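Colleague: Okay, predicted coordinates and the sequence, questions at the end:
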Amino acid sequence: MVNSRKGKQMESSPEQKHPRKAIGWAARDTSGVLSPFKFSRRETGATDVRFKVLYCGVCHSDIHMAKNDWGTSTYPIVPGHELVGVVTEVGCKVKKFKVGDKVGVGCMVDSDRTCENCIHHLENYCPNLIQTYGSKYYDGTMTYGGYSNNMVTDEHFIVRIPDNLPLDGAAPLLCAGITTYSPMRYYGLDKPGMHLGVNGLGGLGHVAVKFAKALGLKVTVISTSPNKKEAAMEHLRADAFLLSTDQDQMEAAMSTMDGIIDTVPAVRPLEPLITLLKTNGKVVTVGIAVKPLDLPVFPLTLGRKMVAGSAIGGMEETQEMIDFAAEHNITADIEVIPIDYLNTAMERVVKKDVRFRFVIDVENTLKSA
């Protein structure tokens, strides 16, 4: 459209660029409070898959992003990177999916697909990664996540959900599942009989226990909360429970673990975890704290130990994880909520008052919100 007064081309609005109407819940400022939000998504491109969102998990990262805790948020922001649903439309060049398929999207919706990481199926480490929400897309508009009624993305970033997995319980696997599965595989903490510690028994931790047990590992849950012992031992069938605030228990467990998946998303001391490792052991952090952690080098050096990190997984590995979950009947333990309960649910996540993941019933509650 030409502005006759200024005599130059006006920039198209996001609505003109993305004409397909959508509704969701968004945060508008650092309060992190979410409320109904109308927006639009792009037309279905030649290699795109569009699907109706049925469920979406609530990740602790969603809260950090809604409140701009990491200093990277752009408002309005529609969170949600654990979304699943049913395909409603596919582009003319789509080969892997058809209308009616059960699918999901995790933490990313595109990458440059030309860098070394992408070539090696590590799109999650692409320097030009486009996240499911809060990222700038190629046309300059922002990406909006799964707290919404529909989604469209390139088929490369779509995950097929096997028929035997319930969609609500499968949704959190697209973040929590791959976040814990990937480091077990990459760092070699996946051999039957190995001893794995899982630090923190929340949304990530409980899924980590399930994958580790399915891989044949001996699993010890490490927690500051004694009330997590019953869930760890009786429900999740962990082999042991270690109360990290009990010095006697910690000393008895020194040098016993091959590795630890550290899922805690808060500032915590690393040295107590390092002392639990055998020689050559690894602590892999997957929980992201707002502030930096102190890294004690001395105990690392003496035991040739490692503190490492890991962030989700590439698309090939994410599909592998979902298929493994289907084979072993692994789903997240969830509390399904209506979308108008979302702000209360987020408060409860911060208070660790959930067992173990909230999942929004988007299909049945968003339309009446």
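Modeller: Perfect, I can see it now.
Colleague: T285: what's it in contact with?
Modeller: Listed by Cβ atoms under 8 Å, 6 or more residues apart in numbering, the contact partners of T285 are 262, 293, 307-310. Glycine gets a C-beta too; all of them are placed from N, C-alpha and C.
Colleague: and the two most separated of these?
Modeller: Using Cβ to Cβ, the pair of the contacts of T285 lying farthest apart is L293 and S310, separated by 15.0 Å.
Colleague: Which elements pack onto the longest strand belonging to the chain?
Modeller: Counting residues, the longest strand found in the chain (DSSP state E) is strand 48-58. Identification of packing neighbours for strand 48-58 by 3 or more Cβ pairs under 8 Å, 6 or more residues apart in numbering; DSSP states H and E yields strand 83-90, strand 150-154, helix 167-170, strand 334-337, helix 342-350, strand 357-361, helix 362-365.
Colleague: Describe which strands the second one pairs with in its sheet and in which direction.
Modeller: The sheet places strand 150-154 alongside strand 48-58 (antiparallel), with pairing taken from DSSP bridges.
Colleague: residues in contact with stretch 289-305?
Modeller: Against stretch 289-305 from outside (Cβ under 8 Å, 6+ apart): 64, 69-70, 255, 264-271, 274-275, 277-283, 285, 306-307.
Colleague: now that stretch: how far from the chain's centre is it?
Modeller: With Cα atoms, centre = their mean, to the nearest Å as the basis, stretch 289-305 stands 25 Å off its chain's centre.
Colleague: likewise stretch 200-208?
Modeller: 12 Å.
Colleague: And for stretch 118-128?
Modeller: Relative to the mean C-alpha coordinate of its chain, stretch 118-128 is positioned 17 Å out (Cα atoms, centre = their mean).
Colleague: Keeping just the C-alphas, turn that stretch into PDB.
Modeller: Provided in PDB are the C-alpha atoms of stretch 118-128 (Å, rounded to 0.1, in the frame of the first residue of the first chain):
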ATOM      1  CA  CYS A 118      22.000 -28.500  11.200                       C
ATOM      2  CA  ILE A 119      23.800 -30.800   8.800                       C
ATOM      3  CA  HIS A 120      24.500 -33.100  11.700                       C
ATOM      4  CA  HIS A 121      20.900 -33.100  12.800                       C
ATOM      5  CA  LEU A 122      21.600 -30.700  15.700                       C
ATOM      6  CA  GLU A 123      19.100 -28.000  14.700                       C
ATOM      7  CA  ASN A 124      18.800 -27.100  18.400                       C
ATOM      8  CA  TYR A 125      22.300 -25.700  18.400                       C
ATOM      9  CA  CYS A 126      21.900 -23.800  15.100                       C
ATOM     10  CA  PRO A 127      23.100 -20.100  15.500                       C
ATOM     11  CA  ASN A 128      20.100 -19.000  13.600                       C
END
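Colleague: can you pull the buried residues of it?
Modeller: For stretch 118-128, the neighbour count (16 or more other Cβ atoms under 10 Å) marks 118, 122-126 as buried.
Colleague: again, but for stretch 37-52
Modeller: Buried, per 16+ other Cβ under 10 Å, within stretch 37-52: 37, 39-42, 44-45, 47-51.
Colleague: Spatially, which two of these are the most separated?
Modeller: Going by Cβ to Cβ, the pair spanning the buried residues of stretch 37-52 furthest: F37 and T47, at 27.4 Å.
Colleague: could I get the helices and strands packed on strand 48-58 as CSV with distance to R185, mean neighbour count and mean pLDDT?
Modeller: Shown next, in CSV, are these (distance: least, Cβ to Cβ, whole Å; neighbours: other Cβ atoms under 10 Å; pLDDT from 0 to 100):
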stretch, distance to R185, mean neighbour count, mean pLDDT
strand 83-90, 23, 22, 98
strand 150-154, 25, 22, 97
helix 167-170, 19, 22, 98
strand 334-337, 24, 18, 98
helix 342-350, 27, 17, 96
strand 357-361, 22, 24, 98
helix 362-365, 31, 18, 97
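Colleague: Please list only the buried members of the contacts of stretch 289-305.
Modeller: 64, 69, 264-265, 268, 270, 274-275, 277-278, 281-283, 285, 307.
Colleague: With respect to E251, which of those residues is nearest?
Modeller: Of all the buried ones among the contacts of stretch 289-305, E251 sits closest to T275, with 8.5 Å by Cβ to Cβ.
Colleague: what residues are up against that closest one?
Modeller: Per Cβ under 8 Å, 6+ apart, neighbours of T275: 250, 254-255, 299.
Colleague: Contacts made by stretch 240-250 with the rest, please.
Modeller: By Cβ under 8 Å, 6+ apart, stretch 240-250 touches 197, 199, 218-224, 226, 228-229, 232-233, 253, 272, 275-276.
Colleague: Within its local environment, how many residues does the closest residue to S310 other than its chain neighbours see?
Modeller: Computed as Cβ to Cβ, 6 or more residues apart in numbering, the closest residue to S310 that is not its neighbour in sequence is P183, at 3.8 Å. Other residues lying near P183 total 25 when counted by other Cβ atoms under 10 Å.
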